[in-house]
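> I would like the atomic coordinates for the input below:
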Amino acid sequence: MEKIREMPIKTKRYCAAGTATCCLIVFVICLSLVLSSYRLVQNQIYPWSKAKQPLFVSVTNNTDYPMPVKMAFYVYNVPNWWDVAYHKAKPIIEERGPYIYNEYMLKGNLTYSEDKSNVSYTYQYRYVYDHEETSKHSYNGVPLDAKKDMITHPNLALWGISYAYNRHALDGALPASILPTWWGLWNTTYMVPFLNNTADELVFGYQDPFMKFMCKLFKTLAPLCARGPWIRAQYKNNPWYYNAISVQDTGKKDIKNIGKMLQWAGRTELEWWSSKETRAIVGTDGAQNKPFLDKKKDKRLDMFIDQIYRDGYVIFNKTMNVHGLELWKYQMVQEEMQNAKLNPHNAGYNMFGRSGVQNLSSVMKVQMGLTAPIFISVPYYIWADEWYRDQLIWDCHATGHQDIWKKDPESMLTWIGVEPTTGSTLAYEKRLMMSIMSEIDPNFHGWNQRNGTYFPIFWGHNYATVSKKMASKLKGELGMLTGLKVVCIIGMVFASIFIIAGVFVALVWKRGIEGEEDEEHGKLVGAKGELYATGTGVPGSPDKGLDDRRGAGL
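Numbers count the residues shown, from 1 in each chain. Below is the predicted model:
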């Protein structure tokens, strides 16, 4: 300390400036480490997401797939169909299932944009029947078999065309003069109100002979016939195939945009919905979400749901643990299924009837060329008006789901489990039920069933959980990311300490220098004061005493 005090003032000024400069340099270095560490975190997330998600790869077999995905179907049998069709009996619906399939999402024609910021592709879902898993379940003591179990169900083609005929939706598709003849021909020949098909055929399509005949006879039915004679919006051997181009953001430019849908199946908007907001393609595909999720800022995640041809959202519910990984559970909300009266936004989705079901008739018109009365809801009409359930007699004892809408309705809801750092969905359960509305022409061969009743056809339970191997790998990756986060925190702490220390030292040096300058100035003033006292110096003259002596002639 004494040596510091002995330093010349000029040297001390340089030392003060140098100390402040060194601290500033250390602060800049620490800040650079923080920013570079954050970038490293991003660089770790991008390859992980790229490797994990089929968004970036063409999945061709089970070994390529990041998570084993299952689809379990529960179908509904109508044992009293005759009384329903001709005596207005209340339908009894027997639930059978689960019929379990392995699900694969196969992507082809992957093409990256020049700057790698987005990727385009075509895709299809493929389902492979899992007989072993299905046979572990039974109905009346007999193991289930989707290829053999016969199900009595509504004649989907007949009910759909009857609905369209009653609303003049077939006008223009057939010559006006042929419509009555065509209708009468179907009435007398192919008018069976209920059909028998295997569970597999009911879910993935069955061949209707009359539709096949009509498609060959009338070319004007091309929009409907383009889907083939199979009843459903896909070919039996190539289900759910979208051969048009879809485009997603890769997150290359901004990691927060990874997975966002930019185009779906050749469309940048969904023309079947009736408002600008509902036509827009919003959110990700649900598999990859934005990374670095924040519980306060990211309570809601938007996603596009291709199975129901619209967007939706989920809300943060709670945290959950899967194979040692903490996931954030986001769950669907009731507002999504409310009618327009309760949720005005849903007017754009044509939800004007009783609350709780999504009307897909406008989608069917565009996709199949036929305005079919198809509706989507939560299984068992949970969250729907009780009227829907009250029209039916439910027999779900074989599946253990009897009265589940009262006992545990939340178990039937859709949710996803998201790892918050990477934004990857590592577990999920999706559940949706498909129904058809009965609206049969009363002149139909003595039919006398309850029009307006909604018949459940089946509901699907789509689920997946990250494997232990992949979870372990991600835990290792996250451990490194945690280390980088620690570096960021330490860097910020050191940067703060050094900048504060630099300012403090600089101030101390500055005050010390000023004190010494004041001390020297005081000494100088004191020395001059002694000169004044001895008469040897007077203000205003370099040597006033000498001047006085000269003036006295001394």
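> Is it correct that N80 is in contact with I92?
Yes: judged on CB atoms under 8 Å, N80 makes contact with I92 at a distance of 5.0 Å. For glycine as for every other residue, the C-beta is placed from the backbone atoms N, C-alpha and C.
> So, low pLDDT: which residues of the stretch 151-300 of the chain?
Across the stretch 151-300 of the chain, the ranges flagged by pLDDT under 70 are 167-191, 209-243.
> residue ranges of the strands in it, please?
Assigned strands in the stretch 151-300 of the chain, in chain order: 194-198, 241-249, 261-263, 300-305 (criterion: DSSP state E, counting those that start in this stretch).
> Format those strands as a markdown table; extra columns: distance to V333 and mean neighbour count.
Output for the strands of the stretch 151-300 of the chain, formatted as a markdown table (distance: least, CB to CB, whole Å; neighbours: other CB atoms under 10 Å):
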| stretch | distance to V333 | mean neighbour count |
| --- | --- | --- |
| strand 194-198 | 35 | 18 |
| strand 241-249 | 25 | 18 |
| strand 261-263 | 20 | 17 |
| strand 300-305 | 9 | 19 |
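> now those strands as TSV including distance to V493?
Below are the strands of the stretch 151-300 of the chain laid out as TSV (distance: least, CB to CB, whole Å):
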stretch	distance to V493
strand 194-198	67
strand 241-249	35
strand 261-263	41
strand 300-305	33
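> Which one, of those, ends up nearest to I25?
I25 lies closest, by CB to CB, to one member of the strands of the stretch 151-300 of the chain: strand 241-249, at 38.7 Å.
> what's the spacing between A89 and R450?
To R450, A89 is 8 Å away according to CB to CB, to the nearest Å.
> what do you get for K116?
57 Å.
> Then K260?
45 Å.
> Pick out whichever of K116 and R450 has more residues nearby.
Neighbours were counted for K116 and for R450 using other CB atoms under 10 Å; R450 has more, 14 against 11.
> In contact with that one, which residues?
For R450, the contact set (CB atoms under 8 Å, 6 or more residues apart in numbering) comprises 84, 88, 90, 391, 438.
> helix/strand/coil for it?
Taken by DSSP: H, G, I helix; E, B strand; the rest coil, the conformation at R450 corresponds to coil.
> T21 belongs to a strand?
No: using three-state DSSP, the assignment for T21 is helix, not a strand.
> can you pull the pLDDT of it?
pLDDT recorded at T21 is 71.
> burial of it, as a residue count?
Count around T21 with other CB under 10 Å applied: 12.
> Report the angle between the helix or strand hosting R431 and strand 300-305.
R431 is part of strand 425-437 when elements are defined by DSSP states H and E. Angle, strand 425-437 to strand 300-305, by axes from the mean of the first three to the mean of the last three CA atoms, to 10 degrees: 60 degrees.
> by contact count, what packs against strand 425-437?
In terms of contacts (3 or more CB pairs under 8 Å, 6 or more residues apart in numbering; DSSP states H and E), strand 425-437 is packed against helix 156-166, strand 310-322, strand 325-332, strand 374-377, strand 415-418, strand 454-465.
> low-confidence ranges in the stretch 1-150 of the chain?
Counting by pLDDT under 70, the stretch 1-150 of the chain has low-confidence residues at 1-20, 23-24, 26-27, 29-66.
> Pull the contacting residues for L325.
Neighbouring residues of L325 by CB under 8 Å, 6+ apart: 419, 426, 466, 471, 474-475, 478.
> before we move on, what about W405?
By CB under 8 Å, 6+ apart, the residues touching W405 are 380-382, 389, 412.
> what secondary structure does it sit in?
Assigned with three-state DSSP, W405 falls in the helix class.
> ok, it to M67 distance?
With CB to CB as the criterion, W405 and M67 are 29 Å apart.
> separation between the nearest residue to M332 once chain neighbours are set aside and S162?
Nearest non-adjacent residue to M332, counting by CB to CB, 6 or more residues apart in numbering: T414, 4.5 Å away. Between T414 and S162 the computed distance is 32 Å (CB to CB).
> These two: which is more packed in?
Taking other CB under 10 Å, T414 and S162 do not tie; S162 has more neighbours (25 against 20).
> what about the more buried one, distance to P154?
For S162 relative to P154 (CB to CB), the value is 11 Å.
> what's the single longest strand in this structure?
strand 92-112 (DSSP state E).
> Direction included, what does the helix or strand following that one pair up with?
As assigned by DSSP H and E, the chain's next helix or strand after strand 92-112 is strand 118-129. Strand 118-129 sits in its sheet next to strand 92-112 (antiparallel), strand 241-249 (antiparallel), going by DSSP bridges.
> and whatever helix or strand comes next after strand 118-129, which residues are buried?
Downstream of strand 118-129, the next assigned helix or strand under DSSP H and E is helix 131-134. Within helix 131-134, the residues scored as buried using 16 or more other CB atoms under 10 Å are 133-134.
> and if you look at stretch 121-140?
In stretch 121-140, counting by 16+ other CB under 10 Å, buried: 121-127, 129-130, 133-134, 137, 139.
> One more: stretch 287-295?
In terms of neighbour count (16+ other CB under 10 Å), stretch 287-295 has its buried residues at 287-293.
> Just flag the most distant two among those residues.
Pairwise distances among these were taken by CB to CB; the largest, 17.4 Å, belongs to A287 and F292.
> Okay, and the beta partners of F316?
Beta-bridge partners for F316, by DSSP bridges, are Y330.
> In this structure it contacts K295, no?
Yes: counting by CB under 8 Å, K295 is a contact partner of F316 at 6.4 Å.
> what sits in contact with each of the two?
Common neighbours of F316 and K295 (criterion: CB under 8 Å, 6+ apart): W328.
> before we move on, back to that, show me what counts as buried in the longest strand of the chain.
By neighbour count on 16+ other CB under 10 Å, the buried set for strand 92-112 is 92-107.
> Low-confidence regions, the stretch 401-550 of the chain specifically.
In the stretch 401-550 of the chain (pLDDT under 70), the answer is 440-449, 480-485, 487-488, 491-492, 494-495, 498-499, 501-550.
> Return the residues in contact with the spatially closest residue to G266 that is not a sequence neighbour.
Spatial nearest neighbour of G266, excluding adjacent residues (CB to CB, 6+ apart): A244 at 3.2 Å. Residues near A244 by CB under 8 Å, 6+ apart: 122, 265-267.
> Throw the residues you listed into JSON lines and include distance to K148, thanks.
Below are the contacts of A244 laid out as JSON lines (distance: CB to CB, whole Å):
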{"residue": "T122", "distance to K148": "34"}
{"residue": "A265", "distance to K148": "34"}
{"residue": "G266", "distance to K148": "39"}
{"residue": "R267", "distance to K148": "39"}
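> what's the closest of those to P193?
Using CB to CB, A265 is the member of those that lies nearest P193, at 33.6 Å.
> So the closest one sits against V247, correct?
No: judged on CB under 8 Å, A265 makes no contact with V247 at a distance of 10.3 Å.
> Neighbours of the residue nearest to G251 when sequence neighbours are not counted, how many?
Among residues not flanking G251 along the chain, I258 sits closest, at 2.8 Å (CB to CB, 6+ apart). A total of 27 residues lie near I258 under the criterion other CB under 10 Å.
> just G417 next, same as before
The burial count assigned to G417 is 24, neighbours taken as other CB under 10 Å.
> That one pairs with what?
Listed by DSSP bridges, the beta-bridge partners for G417 are K329, A427.
> Kindly report the same for I305.
Here I305 sits in beta bridges with R310, going by DSSP bridges.
> and it, what is it in contact with?
I305 makes contact with 286, 311-312, according to CB under 8 Å, 6+ apart.
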